[in-house]
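Chemist: Give me a 3D structure for the following:
(one chain, ligands or ions: 1)
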Amino acid sequence: MSTLNPYQPPTTRLRDALSAEVGGDCWRDGKELVVRPGCTLPGRCIKCNAPAELPMRHARFYWHHPALYLAVFAGLLLYLVIALFVRRRTPVTIGLCARHVQRRRASLALAFAGMALAIGLIVMGAQRERFDVLFGGTAVLLASVIVGIIGSRLLVVTRIGENYTRFRGAGAEFLATLPAFYRTR
Ligand SMILES: [Zn+2]
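Modeler: Residues are numbered from 1 along each chain as shown. The predicted structure follows:
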């Protein structure tokens, strides 16, 4: 048991501050969000810092070293198998406000509608041997997939290291509320 000592040297307080920092699990580093795996972010929207809709969402992020993409040249299947084994995983609990939840749903709905339209065009183009329709359908399909991926992603992993994971895509106002990350790792 420690008792409160008004004469304690300030180094103790410094040590307390440092251990609080070490015990934390999310920080800002410039425009990047740095977390420990399994961290629960503060209950505010990661995009605009408004109060988060509850319950907050559990998300899993994966990452592997970018050099591994070279394995694609040896074969897509080989790449996928290696990536499945060596990829690193970070679970994070994330807050989004009602407006950003809505925006995410809207872009997913748009992407699915686009994909349905695209499949219709591709089938019709193939049946009638209309290559312009077939080509148009393929373009709509690609655009819909891109809208779906960009519109639904919460954060983009830049690196998953031994102890910390870095993300892009968090809002500046949200990041400003987090302590600064100062370690070199
Ligand atoms: Zn928001």
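
Chemist: Work out which residue lies at the spatial centre of this structure.
Modeler: Leu155 (2.4 Å; Cα atoms, centre = their mean).

Chemist: Which residues are in contact with that residue?
Modeler: 33, 46, 59, 61, 92, 94, 167-170 (Cβ atoms under 8 Å, 6 or more residues apart in numbering). (Glycine included, C-beta is placed from N, CA and C.)

Chemist: for the ion, what are the nearby residues on this protein?
Modeler: For the chain, the contact set with the ion under Cβ under 5 Å from the ion comprises 45, 47-48, 50, 97, 100.

Chemist: Any of these buried? List them.
Modeler: Buried by 16 or more other Cβ atoms under 10 Å: 45, 47, 50, 97, 100, out of these.

Chemist: Next, the buried residues of the longest helix seen in the chain.
Modeler: Longest helix in the chain, counting residues (DSSP state H): helix 98-127. By neighbour count with 16+ other Cβ under 10 Å, helix 98-127 contains the buried residues 100, 104, 107, 111, 114-115, 118, 121-122, 125.

Chemist: pLDDT below threshold where in this structure?
Modeler: 1-23, 183-185 (pLDDT under 70).

Chemist: try 80
Modeler: Along the chain, the model assigns pLDDT under 80 to residues 1-24, 182-185.

Chemist: what about the helices in it?
Modeler: Going by DSSP H, the chain shows helices at 10-23, 76-86, 98-127, 131-152, 172-176.

Chemist: can you list those helices in CSV and add distance to Ala67?
Modeler: Formatted as CSV, the helices of the chain follow (distance: least, Cβ to Cβ, whole Å):
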stretch, distance to Ala67
helix 10-23, 31
helix 76-86, 11
helix 98-127, 31
helix 131-152, 23
helix 172-176, 29
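
Chemist: Can you give me the domain assignment for this protein?
Modeler: For the chain, automatic domain parsing gives the domain ranges 24-96+154-179, 101-153.

Chemist: Ends of the longest one, what's the gap?
Modeler: Terminal residues of domain 24-96+154-179 are spaced 9 Å apart (Cα to Cα, to the nearest Å).

Chemist: Then stretch 51-65?
Modeler: 35 Å.

Chemist: Buried residues in that stretch, which are they?
Modeler: 52-53, 56, 61, 63-64.

Chemist: which residues sit against it?
Modeler: So stretch 51-65 is contacted by 40-41, 43-45, 83, 86-98, 101, 154-155, 157, 159-160, 165, 167 (Cβ under 8 Å, 6+ apart).
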